[in-house]
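Engineer: Attaching a predicted model along with its sequence, questions to come.
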Amino acid sequence: MEKLVHDTVRIQGKNVVLYIDPFRVSGTPKDADIVICTHDHFDHCSPEDVLKVAKPDATVVAALNCEGKLRNLGLEYKLFSWWEEREVKGVKIKAVPAYNVNKRFHPREYGGIGVIVEVDGVKIYHAGDTDLIEEMSRLGKIDVALLPVSGTYVMNAEEAAKAAEIIKPEVAIPMHYGAIVGSKSDAEKFAELLKGKVQVVILD
């Protein structure tokens, strides 16, 4: 797994490559079998970046609010609502809630998603842009959790640490810093708060 910019993650399985929220992608790798967009904000659903990473036969998985940006790209796309689960190219994908509780940027009714993807038996949770929300207690077993830590639009480091304690992943990876808001110090604070509780890996 590679964390690229902001919330962008590249996941390499045995037979599949996924990108989640590609943004400011360098070059044109065009190696993605699946591209996931968690909501339609420019730094999460960027048509330019989707086309940079997607193979011609790639499938885009996205929140309902992304359709306007995807319909003219010439790629197959599947729209997901909260708690919807489907298999795409051999990968189990479940959309889960992602929203703000004390900010105006991602209201509950906006329909942004987090995703749980199962690749080669490993369950990876990408939280999307979210605050600490009660639905996190209902995610089930998670091996790797990618959690935003920058504050402003999403959880801050303290809230993200609480989320990790609720989710109890094998590994927690901080994200959503270093590009638009937040810095590596947010990731380091997150790691310090979870010392002795949850293993944290900072991918930079």
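Structural biologist: Yep, that arrived.

Engineer: State which strand of this protein is the longest.
Structural biologist: strand 54-63 (DSSP state E).

Engineer: what comes up buried for that one?
Structural biologist: Buried residues in strand 54-63, counted by 16 or more other Cβ atoms under 10 Å: Ala54, Ala58, Thr59, Val60, Val61, Ala62, Ala63. (Each C-beta comes from the backbone N, C-alpha and C, glycine too.)

Engineer: Next, the contact list for the residue nearest to the spatial centre of the chain, please.
Structural biologist: Central residue of the chain (Cα atoms, centre = their mean): His126, 3.4 Å from the mean position. Contact analysis of His126 by Cβ atoms under 8 Å, 6 or more residues apart in numbering lists Asp7, Val9, Ile20, Asp21, Ile36, Thr38, Gly114, Val115, Val117, Leu146.

Engineer: need the contact list for the closest residue in space to Val50 that isn't next to it in sequence.
Structural biologist: With Cβ to Cβ, 6 or more residues apart in numbering as the criterion, Val50 has its nearest non-adjacent residue at 5.3 Å, and that residue is Val35. Val35 makes contact with Leu18, Tyr19, Ile20, Pro22, Val50, Val53, Ala54, Ala58, Thr59, Val60, Val61, Leu75, according to Cβ under 8 Å, 6+ apart.

Engineer: Next, give phi and psi for Val35.
Structural biologist: Note on Val35: its backbone torsions stand at phi -120, psi 130 [degrees, to the nearest 10].

Engineer: Select, from the contacts of His126, the two members most distant in space.
Structural biologist: Among these, the pair separated by the greatest distance (Cβ to Cβ) is Asp7 and Val117, at 14.2 Å.

Engineer: Now do the residue nearest to the centre of the chain, the pLDDT please.
Structural biologist: On the pLDDT scale, His126 is placed at 97.

Engineer: Adjust the sequence numbering to begin at 50 for everything that follows.
Structural biologist: That works, and once the first residue is 50, the last one we named lands at His175.

Engineer: Next, count neighbours for Trp131.
Structural biologist: A count of neighbours around Trp131, defined by other Cβ atoms under 10 Å, yields 18.

Engineer: Just give the closest residue to it, not the sequence neighbours.
Structural biologist: Pro146 (5.0 Å).
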